[in-house]
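**Student:** Give me coordinates for this.
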Amino acid sequence: MLKFAILGMLAQAPAYGYEIKRAFEAMLGHTWPVNIGQIYSTLARLERDGLVTCEEVSQELLPNRKVCTITEAGRAALVEWLQQPAAPSARLRVDFYLKLLLAYRSHAVDLTSLIWQQRQTLLQALADLTPLLTAQDESLRLLAEGLQLHLEADLRWLDRCEEVFGASPESDAEA
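**Tutor:** Numbers count the residues shown, from 1 in each chain. As a prediction, the model looks like this:
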């Protein structure tokens, strides 16, 4: 996905690695930090694959910069990716799902505490969204609203977990 994010940034204007990093993180309201090493290694692969061209630009008193530009092939790959539907974000490979099931089956920790801690984490994530929900940039507000809806759904799901897992496995076996 980073490959296409970089192509999307370069579709707007030629840029060098740190510009891409800053633009990507700003676009997402700094909710998705990206490692600069990932940017440069992805740029190298994109250049190798003919999706971008990079040119070294000299600077006074600073090291040279590699400014990259999207190619027609890169633009076509970006358009193709943008037009494909995204996979649903619902998936079972979420750490908490596994923790909950293992805690329930192993009795290693108290389920009520586990669910409470997860609820606190989700509530903090909701609180952290406040600046984005009031941002001037409408696209950032829309992103924040989507995240808010996902977090609220996760909180409702935790309510359901408390209903289902409220009884211990021993009491289920006795019934």
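
**Student:** quick one: residue 54 and residue 157, what's the gap?
**Tutor:** Applying Cβ to Cβ, to the nearest Å, the value for residue 54 to residue 157 is 45 Å. For glycine as for every other residue, the C-beta is placed from the backbone atoms N, C-alpha and C.

**Student:** Look at these two and report which has more neighbours.
**Tutor:** Taking other Cβ atoms under 10 Å, residue 54 and residue 157 do not tie; residue 54 has more neighbours (17 against 14).

**Student:** What residues are bridge-paired with the more buried one?
**Tutor:** Note on residue 54: beta-bridge partners by DSSP bridges are residue 68.

**Student:** contact partners of stretch 119-134?
**Tutor:** For stretch 119-134, contacts defined as Cβ atoms under 8 Å, 6 or more residues apart in numbering pick out 29, 31, 140-141, 143-145, 147-148, 151-152, 154-155, 158.

**Student:** filter those to the buried ones?
**Tutor:** In terms of neighbour count (16 or more other Cβ atoms under 10 Å), the buried residues within these are 29, 140, 143, 144, 147, 148, 151, 154, 158.

**Student:** Could you identify the most distant pair in those residues?
**Tutor:** Across these, the longest distance by Cβ to Cβ is 26.8 Å; it joins 140 and 158.

**Student:** quick one on the thing from earlier: looking at the contacts of stretch 119-134, which are in helices?
**Tutor:** Using DSSP state H, the subset of the contacts of stretch 119-134 located in helices is 140, 141, 143, 144, 145, 147, 148, 151, 152, 154, 155, 158.

**Student:** got a list of what the residue nearest the centre of the chain touches?
**Tutor:** In the chain, the residue lying closest to the centroid (Cα atoms, centre = their mean) is residue 32, at 5.5 Å. Residues in contact with residue 32, defined by Cβ under 8 Å, 6+ apart, are 24, 25.

**Student:** Then residue 7?
**Tutor:** Counting by Cβ under 8 Å, 6+ apart, residue 7 makes contact with 46, 51, 52, 70, 74, 75, 77, 78, 81.

**Student:** Now it. Nearest residue, chain neighbours left out?
**Tutor:** Spatial nearest neighbour of residue 7, chain neighbours left out: residue 78 (4.2 Å); criterion: Cβ to Cβ, 6 or more residues apart in numbering.

**Student:** ok, the one you found to residue 12 distance?
**Tutor:** 11 Å.

**Student:** Of those two, give the one with the bigger neighbour count.
**Tutor:** With other Cβ under 10 Å as the criterion, residue 78 and residue 12 differ in neighbour count, and residue 78 comes out ahead with 20 against 10.
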